[in-house]
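Undergrad: Provided below are the primary sequence and the corresponding predicted coordinates.
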Amino acid sequence: MTAMATWLTNTWYVAAWDAEVFSTPLARTICGIPMMVYRKLDGTVVAMRDACPHRLLPLSMGLREGDSIRCKYHGLKLGPDGVAEEMPLTGEAPNRGICVETYAVHERHRMVWVWVGDKAAANPDLIPDLWPCSSEGWTFDGGYYHVECDYLLMIDNLMDLTHETYVHAGSIGQPEILEAPLECRTEGERVYLSRWMPGIDAPPFWRSALGREGLVDRWQICEFLLPSVVMIDVGVAQTGAGATIDSHDQGVRGMVVDCMTPESEGTHHYFWGMARNFRTDDPGFTARFKAQQGGVFAEDKALLEAQQKSIAANPDLKLAGYSIDQGGVRARQMIARAIRARLPDRQEQTA
Amino acid sequence: MTAMATWLTNTWYVAAWDAEVFSTPLARTICGIPMMVYRKLDGTVVAMRDACPHRLLPLSMGLREGDSIRCKYHGLKLGPDGVAEEMPLTGEAPNRGICVETYAVHERHRMVWVWVGDKAAANPDLIPDLWPCSSEGWTFDGGYYHVECDYLLMIDNLMDLTHETYVHAGSIGQPEILEAPLECRTEGERVYLSRWMPGIDAPPFWRSALGREGLVDRWQICEFLLPSVVMIDVGVAQTGAGATIDSHDQGVRGMVVDCMTPESEGTHHYFWGMARNFRTDDPGFTARFKAQQGGVFAEDKALLEAQQKSIAANPDLKLAGYSIDQGGVRARQMIARAIRARLPDRQEQTA
Amino acid sequence: MTAMATWLTNTWYVAAWDAEVFSTPLARTICGIPMMVYRKLDGTVVAMRDACPHRLLPLSMGLREGDSIRCKYHGLKLGPDGVAEEMPLTGEAPNRGICVETYAVHERHRMVWVWVGDKAAANPDLIPDLWPCSSEGWTFDGGYYHVECDYLLMIDNLMDLTHETYVHAGSIGQPEILEAPLECRTEGERVYLSRWMPGIDAPPFWRSALGREGLVDRWQICEFLLPSVVMIDVGVAQTGAGATIDSHDQGVRGMVVDCMTPESEGTHHYFWGMARNFRTDDPGFTARFKAQQGGVFAEDKALLEAQQKSIAANPDLKLAGYSIDQGGVRARQMIARAIRARLPDRQEQTA
């Protein structure tokens, strides 16, 4: 965590998908802090600094013994609370001062969340509410990409669906998206960017999902949540069924879920997926959709990595903000305000 | 362009071979500036900053539409004059203040030249006169290498033919070159380094080019031109035919043409070739000669890249200048003098 | 050699194994200085700066002529004393001021040693006494690794045999090592760390080496010598034969020899091997043992490179020193004391 950090602290970030974490440690640097996570025998997850307090060898190279981890170098054994349980040589009593930093960790919405900041303040109620990922009548799956760009560029990208037409010309882009008016509003710790497309022909994907012909009302609602989540509510309902921009469970509905976790100033972890309330009992559809979504997001990854390099190569130029960028602009403003607001906390923490 | 730049600005540099530039953009960083070049439908060439004014995505990733380029990210469409023609969303009128920097560009001597500096001062008359590349009775071809060294090291290399004996021992080196006296002189914005070898046996290449037996007069004249061009006039004439160091069109004559364009402080673009006034209607000879020349210059590239690394690894040591180095020394002095002389211009430009 | 150097100067370091040095130059950076070494026709070794005094091309790219080296670029010919013998162009007399820095070099104990510092002070008597590498009744062989970590981390590793149990669990580790008490002492420019294991069952390797059944006395004595050598005296003798920690030639004895030469702040050259006083006339055993030892030390190399990266990634954490680390701690203290003690010399040298 540098003084120049562009990310919020004292908040929850996704460290991993639930299915990525096993008994064997997984190493992942979160907000500049090398961490590792593993599951205890009871299935709960432990997160600790990925450096043995003895000689700093990554603990993720170590061996599990029960719920503890034994360093691969000299065999210092550390419990899941981070406290030394057994010193390398017999005859030397473990000193409780010998310990590795552990982090508050919580599993929710199919994700493993880690608290970056003052551990005493870690409250699971503050975990972003990714409700479609764990609600009755919905199913959820997705994947992970390591992306070589500032996480803010990914937020910009997700809070703007205009780019679909150009970046994803070969996949999900369609001209109607450009024609619908955009509405952007801020509510508390959220930014919404909405498009409502009433009475249009459903594109093939949604027609098939809806399972019937005829005109539809279509919506796209990008929602940014602090510290770094974007959910995109997408779907169609039969025209006349009563769907509105605020309430639209009359048809088929999906929720694109994107969690960005800063790794360093110029890289981040990208956890993406799609929750849906249709064909929820069709694992083949889930698998095919995940493959397709992974392909689309790989196009974004390639584009954003090129953008990051170009920003570095053109230090005299600045990003411009047009009207289509208002979603990203507001999300960045919200993050910056939150960083400033919590700054005293951070100073206490690092003092 | 850093304050420490070792290259001249307000001058023309080669951006590309004519045959490298198509309708699809070509990205190339010139003097630290990411640029891209493409041909309009009428065949003329456009050069612009390789960064969309919106979100800085490289425009070279974009799509051509007529003579314009549409950014791959949000579809901002920019004309060949760099001015926005169409905003990403309908309903928003393009603001003429939205534009990308364009650069003066001119095609001459088979090369695409770009003006680095104050665009208003760009005058095609200032393009270095590579006359053998576009004269009647001559033919010209060559290639391109990206070289991981300061362009000044390549100038040093070309303004000294002594190295041929050692670097190119297996190809074009021959001991007679070491025995001939060197003459070095400066004229205006040019440095000449000459060797005149009268009454010698022609080496196999030149004997074959001349097409007859007998003693020849041979010459090698390296000519440096600001900002960064070296032409090497080489050839033989039958002894007694009247050739002199100043006038020698009695036999066969070639002109090795080398244009070095700085990319960064430690890398450059190397455009090399050979013009000749013999066997000009023999494309097979042209192709074979280009392949051979490419092989020889690859030896220089490997050597100079090793030299660059060694200079960095030995910061306590300095390059020495012996008498054989006077060509490169004078060329470097001429560049340094020109940089100092134009410094007020550069300050205005960056102020 | 930076002001922050963590290595001693005015001392001998291993530049190469004797068998690595031929008539063709070998390039190797020692303590930040690019050097190259080669053998003269009489077999003695020359060490010089790997940069031609003319244009700094690595001399290791040059060609041997007799005992001299001719630069590959312009043919400057330098004698083994570093003085120019022949200039690139005839007619120019070599100036004795044109020379490359040479370094005092001495071959001993199967290693080529180079003196880093004031050449006038280079005294072969100061070469660390690796006596088992060149004594009657002993044989010695080993290998070389380039290791991407600070040489001090390798000293830490070698001055502690506790790690064998964990790092080398699959090869030479055994639990008895953990149970034996450690004794650490400092004598002059040496640190000793000993374990004495009387009356134990010999492990398979040593039982086979001893050639008999029955209980043995086993020892492990790590010895650190300035500036950067570790010898580990290992072996077994039949219990009752009279072996002691101070005198133990009654059985079979090996000496693991490790010479670490700093390359840069974060990398070093690692020369490792094993001398032994048993089966000395069995080259097959030598070859097999070297292969096995190379495998074990490759485990250390991988571990230490991970440790180096982790230290860099966790700048807020410090290495801890437990009782098992006292060997490495004392060796580091001895190096730091020696650097401070010789500091006036170094200032004179660099002034």
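TA: Everything's here; your move.

Undergrad: So in terms of bridging, what pairs with the spatially most central residue of chain A?
TA: Residue closest to the average C-alpha location in chain A (C-alpha atoms, centre = their mean): A:C259, at 1.2 Å. In this entry, A:C259 is beta-bridged to A:V229, A:F271, by DSSP bridges.

Undergrad: A:D217 too?
TA: On the basis of DSSP bridges, A:D217 is bridged to A:A237.

Undergrad: ok, it - contacts?
TA: Shown in contact with A:D217 (C-beta atoms under 8 Å, 6 or more residues apart in numbering or on different chains): A:196-200, A:236-239, A:241, A:243, A:248, A:251. In short, each C-beta sits where N, CA and C put it, glycine included.

Undergrad: Repeat that for A:D249.
TA: A:243, A:277.

Undergrad: Ok, the one 3 residues further on next?
TA: Contacts were defined as C-beta under 8 Å, 6+ apart; by that measure A:V252 touches A:206, A:209-210, A:235-237, A:276-278.

Undergrad: Look at the closest residue to A:K77 other than its chain neighbours and say how many residues are nearby.
TA: Once flanking residues are discounted, A:K77 sits nearest to A:E86: 3.9 Å by C-beta to C-beta, 6 or more residues apart in numbering or on different chains. For A:E86, the count of nearby residues is 17 (other C-beta atoms under 10 Å in any protein chain shown).

Undergrad: give me phi/psi at A:E86?
TA: phi -160, psi 130 (degrees, to the nearest 10).

Undergrad: Distance of it relative to A:S23?
TA: To A:S23, A:E86 is 19 Å away according to C-beta to C-beta, to the nearest Å.

Undergrad: returning to what we had before: looking at the contacts of A:V252, which one is closest to chain C?
TA: Nearest to chain C among those: A:R276, at 39.0 Å, using C-beta to the nearest C-beta.

Undergrad: didn't the closest one look like it was pressed against A:M255?
TA: Yes: A:R276 lies in contact with A:M255 (C-beta atoms under 8 Å); the separation is 7.2 Å.

Undergrad: Report the set of residues contacting both of the two.
TA: Taking C-beta under 8 Å, 6+ apart as the contact criterion, the common neighbours of A:R276 and A:M255 are A:132, A:138.

Undergrad: Looking at the contacts of A:D217, which are in strands?
TA: A:196-200, A:236-238 (DSSP state E).

Undergrad: Pull out the buried residues from these.
TA: A:196-198, A:200, A:236-238 (16 or more other C-beta atoms under 10 Å in any protein chain shown).

Undergrad: Mind putting those into a markdown table with pLDDT?
TA: Formatted as a markdown table, these follow (pLDDT from 0 to 100):
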| residue | pLDDT |
| --- | --- |
| A:W196 | 92 |
| A:M197 | 91 |
| A:P198 | 92 |
| A:I200 | 91 |
| A:V236 | 94 |
| A:A237 | 96 |
| A:Q238 | 95 |
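
Undergrad: quick check, nearest of those to B:I339?
TA: Nearest to B:I339 among those, counting by C-beta to C-beta, is A:M197 at 58.9 Å.

Undergrad: ok, that closest one to A:T239 distance?
TA: Counting by C-beta to C-beta, the gap from A:M197 to A:T239 is 11 Å.

Undergrad: what kind of secondary structure is A:G273 in?
TA: The three-state assignment at A:G273 reads strand, by DSSP: H, G, I helix; E, B strand; the rest coil.

Undergrad: burial count for it?
TA: 27.

Undergrad: what do you get for A:I30?
TA: Neighbours around A:I30, by other C-beta under 10 Å: 23.

Undergrad: where in the stretch 251-351 of chain A is pLDDT low?
TA: A:343-351 (pLDDT under 70).

Undergrad: got the residue ranges for the strands in it?
TA: Taking DSSP state E, counting those that start in this stretch as the criterion, the stretch 251-351 of chain A carries its strands at A:252-264, A:267-276.

Undergrad: So which bits of the stretch 151-300 of chain A are right by chain B?
TA: By C-beta under 8 Å from any C-beta of the partner chain, the part of the stretch 151-300 of chain A that sits against chain B consists of A:156, A:160, A:162-163, A:165-167, A:178-179, A:182.

Undergrad: Just name the closest of those residues to chain C, please.
TA: Nearest member of those to chain C, counting by C-beta to the nearest C-beta, is A:D156, at 28.0 Å.

Undergrad: How is chain A divided into domains?
TA: Taking automatic domain parsing as the criterion, chain A consists of the domains A:11-125, A:130-343.

Undergrad: possible to save the ones you listed as TSV with distance to B:L215?
TA: Compiled in TSV, those are given as follows (distance: least, C-beta to C-beta, whole Å):
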stretch	distance to B:L215
domain A:11-125	73
domain A:130-343	56
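
Undergrad: Relative to C:I69, which of the ones you listed is closest?
TA: Among these, the nearest to C:I69 by C-beta to C-beta is domain A:130-343 (41.5 Å).

Undergrad: can you map out the helices along the stretch 51-200 of chain A?
TA: Using DSSP state H, counting those that start in this stretch, the helices assigned to the stretch 51-200 of chain A run over residues A:151-158, A:164-167, A:176-179.

Undergrad: ok, and what's touching the first one?
TA: What that stands for is helix A:151-158. In contact with helix A:151-158 (C-beta under 8 Å, 6+ apart) are residues A:6-7, A:147, A:163, A:222, A:224, A:228, A:230, A:232, A:258, A:260-262, A:268, A:270, A:300, A:303-304, A:307-308, A:325, A:328, A:331-332, A:335, B:55.

Undergrad: Just the buried subset of those residues, please.
TA: For these, a burial check counting by 16+ other C-beta under 10 Å picks out A:7, A:147, A:163, A:222, A:224, A:228, A:230, A:232, A:258, A:260-262, A:268, A:270, A:300, A:303-304, A:307-308, A:325, A:328, A:331-332, A:335, B:55.

Undergrad: For chain C, what's the nearest residue on the stretch 101-250 of chain A?
TA: Counting by C-beta to the nearest C-beta, the stretch 101-250 of chain A gets nearest chain C through A:E101, at 8.9 Å.

Undergrad: For that residue, which residues are in contact?
TA: Applying C-beta under 8 Å, 6+ apart, the residues near A:E101 are A:48-49, A:82.

Undergrad: Go through those and say which is closest to chain B.
TA: Nearest to chain B, judged by C-beta to the nearest C-beta, of these is A:R49 at 35.8 Å.

Undergrad: What sits closest to that closest one if chain neighbours are left out?
TA: Nearest residue to A:R49, sequence neighbours excluded (C-beta to C-beta, 6+ apart): A:E101, at 4.3 Å.

Undergrad: and that neighbour, how far is that from A:A51?
TA: For A:E101, the distance to A:A51 - C-beta to C-beta - is 9 Å.

Undergrad: What is the neighbour count of the residue in the stretch 1-150 of chain A positioned nearest to chain B?
TA: Nearest residue of the stretch 1-150 of chain A to chain B: A:C149, at 11.5 Å (C-beta to the nearest C-beta). A:C149 is flanked by 22 other residues according to other C-beta under 10 Å.

Undergrad: got a list of what it touches?
TA: Residues counted as contacts of A:C149 (C-beta under 8 Å, 6+ apart) are A:266-268, A:304-305, A:307-308.

Undergrad: Just give me the closest of these to chain B.
TA: A:Q307 (5.0 Å).

Undergrad: Does that closest one touch B:R55 like I think?
TA: Yes: the pair formed by A:Q307 and B:R55 meets the contact definition of C-beta under 8 Å, at 6.2 Å.

Undergrad: okay, and the common contacts of those two?
TA: Common neighbours of A:Q307 and B:R55, counting by C-beta under 8 Å, 6+ apart, are B:Y73.

Undergrad: returning to what we had before: which among the domains of chain A is found nearest to C:M111?
TA: The closest of the domains of chain A to C:M111 is domain A:11-125. By C-beta to C-beta, the value is 28.5 Å.

Undergrad: tell me how far the ends of that closest one are from each other?
TA: 11 Å (C-alpha to C-alpha, to the nearest Å).
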